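[1] Predicted coordinates and the sequence they were generated for:
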There are 2 protein chains.
Amino acid sequence: MCSYLYKMKNEKRKGMKKSLLTAVGLLPALAPLQAQEQKPEAKDERPNIIFFLVDDMGWQDTSVPFWTKKTFYNERYETPNMERLARQGMMFTQAYTSSVSSPTRASLLTGANAARHRVTNWTLERDKQTDAASGTLTLPDWNYNGVAQSGDINNTFRATSFVQLLKDNGYHTIHCGKAHWGAIDTPGEDPHHFGFEVNIAGHAAGGPATYLSERNYGHDAEGTPVNLFAIPGLEKYWGTGTFLTEALTREALKALDKAKAYGQPFYLYMSHYAVHVPIERDPRYFDKYKRKGLSDREAAYASLVEGMDKSLGDILDWLEENGEADNTIVIFLSDNGGYATGPARDEPFYTQNFPLKCGKGSAYEGGIREPMIVAWPGVTEPGSRCDEYVIAEDFYPSILEMAGVRNYKVPQTVDGVSFVPLLRQTGNPAEGRALYWNFPNLWGETGPGIGPTCTIRKDNWKLIYFYETGKKELYDIPNDIGEEHDLAAEHPDVVKRLSRELGQFLRASGGQRPSFKATGKPCPWPDETE
Amino acid sequence: MCSYLYKMKNEKRKGMKKSLLTAVGLLPALAPLQAQEQKPEAKDERPNIIFFLVDDMGWQDTSVPFWTKKTFYNERYETPNMERLARQGMMFTQAYTSSVSSPTRASLLTGANAARHRVTNWTLERDKQTDAASGTLTLPDWNYNGVAQSGDINNTFRATSFVQLLKDNGYHTIHCGKAHWGAIDTPGEDPHHFGFEVNIAGHAAGGPATYLSERNYGHDAEGTPVNLFAIPGLEKYWGTGTFLTEALTREALKALDKAKAYGQPFYLYMSHYAVHVPIERDPRYFDKYKRKGLSDREAAYASLVEGMDKSLGDILDWLEENGEADNTIVIFLSDNGGYATGPARDEPFYTQNFPLKCGKGSAYEGGIREPMIVAWPGVTEPGSRCDEYVIAEDFYPSILEMAGVRNYKVPQTVDGVSFVPLLRQTGNPAEGRALYWNFPNLWGETGPGIGPTCTIRKDNWKLIYFYETGKKELYDIPNDIGEEHDLAAEHPDVVKRLSRELGQFLRASGGQRPSFKATGKPCPWPDETE
């Protein structure tokens, strides 16, 4: 059984399907012979693909309502270009990722679930675990060196990225912004190692030292990085007053100009450092939100959000101005929940993703539910929404399917399932499927749902298991999106069934778990305890 | 029949073979199982490979004598690190390339002969032929957009580089210096498109605007390139007094530090802009050559040469200091003959490669014969020399063989033949083999042997055919290295036989030829005319 939050009216679905079938017949990617007959030059008609990924953006940090109604935060933030994209394509109201950056990005790049790739917490320096200390638990020896395609480095998940496959199949591949796939001094620190032909400002670190060109994006006057989060490669913008989000966008557009010249389809991974801390003021939008009555910090955060949205608009404009809009798929996503635990913002702790509970780092919806839109001209019904659930590792097979790359052989197991049938309205891959999370780590900050957990979502149900305490919580998500009513005691049969399914997946995929310092014994799997 | 310029004494050859066989048994690359048993960690034992390519360096621009005796120029130039490399490895005394940069570099990268890849003259701007104008000939529609792995751009040779195959097989791949594979705004302009994971300062242009950091390597005070030859990516050295050759070397060594951290074998393409014009003074060596009595221009040229040699030394030092010397193959080569036609130097025109005739751009030996050394620890006999001929396209299969990459499938025909048997002394691939050149172009400068020609070398004989005049010249190279005695009239049978073989190869490989403007008819192939 498949659970819908917002069932579309049957009439509308039927209409979509019909118009889709019509549109598919016109799709150049699906009719190469016809295209070749029509054109004297054998132009590559495969679609361009733009993956626009935002960092630490919450599900509600937008004027696009991903819930059943407009919320308080939907009224606060202004993201007209997300609205524009949503009008062109399909919104996904139940898109999931991991609760912190590295596991999500590893899953996106490799198609593997976090339990399998074991890059379960955030990465930065080689051979250094980033977990907070625990008095009671020994944390597992996870893959803190990140992902790599080659090399023999310890604590690394070896996999072939879908970007490599796109490149190998003739796509021009562009990375812009945050990478955060491998620790410093490992092959995965550099996007070029994953098949990207262009790398703009991507490296090992998962956040920006600063968004400010006045501070040389984290370099001193001599050009020396002030810390490991200094943004590389944007020297030409130093001191120019160009906010980081804008500098990245301009470089991305230059790369698109090149891509167009090259006569290849392109893949642009537009991976903003925004809206990660530090919450700095994007001067183009800060005053506007101050006038709305927000505090300095909240106005700064809103300015980061709208600056990101302006970047999306610039890219959509480029596509229209360059005649590529009709042949370009645009995917929008954030990598984990909005930051809700630290003192960087002024809203009360754990409330910034309301109606969701908590935020980044948490197993609750606030940590893992993401804004997602896919606009595929001729395929996705304009202004449509999909209420089936998808998860980070699904992007790997989906993007390869979009590009027509088939029968690829890669060393890793791809856990992801293509969501292209949802875009095409030709099938429902979510039906009968469970989603899994494993976070046997200590992120560093504290709050509801933050700590070593594993989680399963199946149909309406979501079970969270806390490794240290053995506690299990069960929620009926569509009917309790804020996870306020733990139904575990009322539905022991569901708890048992989901615990078993979760435990089986974790063991089968090589998932890791903490141990108790007191006994040296591992924490039980969810199906090994009541 | 195979021709030797300098036959090694049989005793020496036997000794080499014996020591080689001993050495082979110790080679980690050939005994992976043994290596794995000895080491707890599965370290990748394949050899690192460094290809050190110099630009426009003549055969005699070194203190290493590649001829039968030390020459005037061998006494002038000081290249102690080339001597050091020659002591470690094997000198090749008959190494050939094309007479200008792009065809050589296209052959090196793709393994295809210039007749096949059709990048027969130098490339720079998209869709712009760089040939000089001719009143009498229409030049063919050659591949002036260069080489590319992907895309549908006209006048481009589509091929998979050996670097891509190295990367795909787990090598960390580094480009440093001059690339010059594809025209501006084509995929081939960027080394990343050919499988390089690192690109230091490589782009479409085939020479440096300037070697001087004081002139920001060709950028004005605002950082704007002064022309298309401005060197990209070395901003941090601007204004520091660091000569280009040194800046590239430092960046290459940093990349090697990274490579070592990555735990992968590496391929470093150290492709110096030196010693291409402009002939600027490397201040570290200029005064020394002035004290030797050279003119300013000649001292500057010698300083470029020794600066390049210092870079080689720094790299050899790095290998020793980092314990990689025993597992690293170092290949030294120049890309075409020394510049001998323009006013940039003070020596009389066409003499700078003496005893060879003419220089860069010419079909005579001065244009195409190169200094070459290969040092493969445990394989090449220290201080040995090989007098068999090899040519640019041979490096493709040779390097892949060195790396253990076998059974690769690539879209292009690989004309090259591996010279690894020569290194191992296990066979002679030159035996019975002919080498071919095709240059149906007008380079721009003039001089002996410069103009539309095709050429064959087989055994001792070398036949040059001039497309416009139909003239054929025949030389006995080992006995007339200066090509002073044209034996065509004395050996019509040889002329006929070589003309036929050359014509057959050119037609079979898709070679191009000019046409006469007066008649619109193509110039005859060499076997279509007496």
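    That came through, no problem. Numbers count the residues shown, from 1 in each chain, chains lettered A, B, ... in the order given.

[2] Return the set of buried residues in the helix ranked longest in chain A.
    Of all segments of type helix in chain A, defined using DSSP state H, the longest is helix A:296-321. Neighbour-count burial for helix A:296-321, counted by 16 or more other Cβ atoms under 10 Å in any protein chain shown, picks out A:298-316, A:318-319. Glycine gets a C-beta too; all of them are placed from N, C-alpha and C.

[3] Next, name the residue at the spatial heart of chain A.
    A:D335 (3.0 Å; Cα atoms, centre = their mean).

[4] name the element the residue nearest to that residue when sequence neighbours are not counted belongs to?
    Closest residue to A:D335 apart from its sequence neighbours, by Cβ to Cβ, 6 or more residues apart in numbering or on different chains: A:T104 at 4.5 Å. Applying DSSP states H and E as the criterion places A:T104 in helix A:101-110.

[5] where do the helices sit along chain A?
    Ranges of helices in chain A, per DSSP H, are A:10-26, A:32-38, A:72-76, A:80-88, A:101-110, A:114-117, A:162-168, A:244-262, A:286-291, A:296-321, A:365-368, A:395-402, A:420-424, A:492-508.

[6] which parts of the stretch 51-200 of chain A sit against chain B?
    Residues of the stretch 51-200 of chain A lying near chain B by Cβ under 8 Å from any Cβ of the partner chain: A:126, A:150-153, A:167, A:170-172, A:185-187, A:190, A:192-193, A:196-198.

[7] Now list the buried members of those residues.
    A:126, A:150-151, A:153, A:167, A:170-172, A:185-187, A:190, A:192-193, A:196-198.

[8] Among the residues you listed, which lie within strands?
    Judged by DSSP state E, strands contain the following of these: A:172, A:198.

[9] what's the angle from the longest helix of chain A to helix A:244-262?
    Orientation check (axes from the mean of the first three to the mean of the last three Cα atoms, to 10 degrees): helix A:296-321 against helix A:244-262 gives 10 degrees.

[10] which non-adjacent residue is nearest A:T160?
    Nearest residue to A:T160, sequence neighbours excluded (Cβ to Cβ, 6+ apart): A:V410, at 4.2 Å.

[11] contacting residues for A:I153?
    By Cβ atoms under 8 Å, 6 or more residues apart in numbering or on different chains, the contact set of A:I153 is A:126, A:145, A:186-187, B:262-263.

[12] The closest residue to A:R116 other than its chain neighbours: neighbouring residues, count only.
    Counting by Cβ to Cβ, 6+ apart, A:S509 is the residue found nearest to A:R116 once chain neighbours are left out, at 4.3 Å. Neighbours of A:S509 under the rule other Cβ atoms under 10 Å in any protein chain shown: 18.

[13] Return the residues in contact with A:S509.
    Each residue near A:S509 by Cβ under 8 Å, 6+ apart is listed here: A:113, A:115-116, A:413, A:415, A:436.

[14] Tell me where the stretch 401-530 of chain A has strands.
    Along the stretch 401-530 of chain A, the segments classed as strands by DSSP state E, counting those that start in this stretch run A:434-439, A:453-458, A:461-466, A:472-476, A:515-516.

[15] So for B:K258, which of those strands sits nearest?
    Among these, the nearest to B:K258 by Cβ to Cβ is strand A:434-439 (30.9 Å).

[16] Quick one: residues in contact with the closest one.
    Under Cβ under 8 Å, 6+ apart, the answer for strand A:434-439 is A:96, A:98-100, A:103, A:113-115, A:120-121, A:363, A:368, A:389, A:391, A:452-458, A:498, A:501-502, A:505-506, A:509, A:511-512.

[17] quick check: domain ranges of chain A?
    The record's domain parsing of chain A by automatic domain parsing lists A:48-433, A:436-528.

[18] highest average neighbour count across those domains?
    Among the domains of chain A, domain A:48-433 has the highest mean neighbour count (mean count of other Cβ atoms under 10 Å in any protein chain shown), at a mean of 22.

[19] Which residue does the stretch 301-450 of chain A have closest to chain B?
    Residue nearest to chain B within the stretch 301-450 of chain A (Cβ to the nearest Cβ): A:P411, separated by 11.4 Å.

[20] ok, that residue - contacts?
    Counted by Cβ under 8 Å, 6+ apart, A:P411 has contacts A:158-160.

[21] And A:P191, how close does it get to A:W59?
    27 Å (Cβ to Cβ, to the nearest Å).

[22] ok, what's across the strand from the closest residue to A:F505 other than its chain neighbours?
    Leaving aside its chain neighbours, A:F505 sits nearest to A:Y436 (5.1 Å; criterion: Cβ to Cβ, 6+ apart). Note on A:Y436: beta-bridge partners A:I456, judged by DSSP bridges.

[23] dump the residue contacts of A:V277.
    Applying Cβ under 8 Å, 6+ apart to A:V277 gives the contacts A:56, A:207, A:339, A:342, A:344.

[24] try it again with 10 Å
    Shown in contact with A:V277 (Cβ atoms under 10 Å, 6 or more residues apart in numbering or on different chains): A:55-56, A:207-208, A:301, A:304, A:339, A:342, A:344-345, A:360.

[25] and the residue nearest to A:W461 when sequence neighbours are not counted, what does it touch?
    Nearest residue to A:W461 in three dimensions, chain neighbours excluded: A:V494, at 5.8 Å (Cβ to Cβ, 6+ apart). Contact partners of A:V494, counting by Cβ under 10 Å, 6+ apart, are A:458-461, A:463, A:474, A:476, A:487-488.

[26] Which pLDDT value belongs to A:K12?
    Reported pLDDT at A:K12 in the predicted model: 41.

[27] Same question for A:E45.
    Reported pLDDT for A:E45: 84.

[28] now swap in A:P343 and tell me
    Looking at A:P343, its pLDDT reads 86.

[29] so it makes contact with A:P278?
    No - assessed by Cβ atoms under 10 Å, A:P343 is found out of contact with A:P278, at 11.7 Å.

[30] if I look at those two, which residues touch both of them?
    Counting by Cβ under 10 Å, 6+ apart, no residue touches both A:P343 and A:P278.

[31] circling back to that earlier point, okay, the strands of the stretch 401-530 of chain A in JSON lines with mean pLDDT next?
    Below are the strands of the stretch 401-530 of chain A laid out as JSON lines (pLDDT from 0 to 100):
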{"stretch": "strand A:434-439", "mean pLDDT": "98"}
{"stretch": "strand A:453-458", "mean pLDDT": "98"}
{"stretch": "strand A:461-466", "mean pLDDT": "98"}
{"stretch": "strand A:472-476", "mean pLDDT": "98"}
{"stretch": "strand A:515-516", "mean pLDDT": "98"}
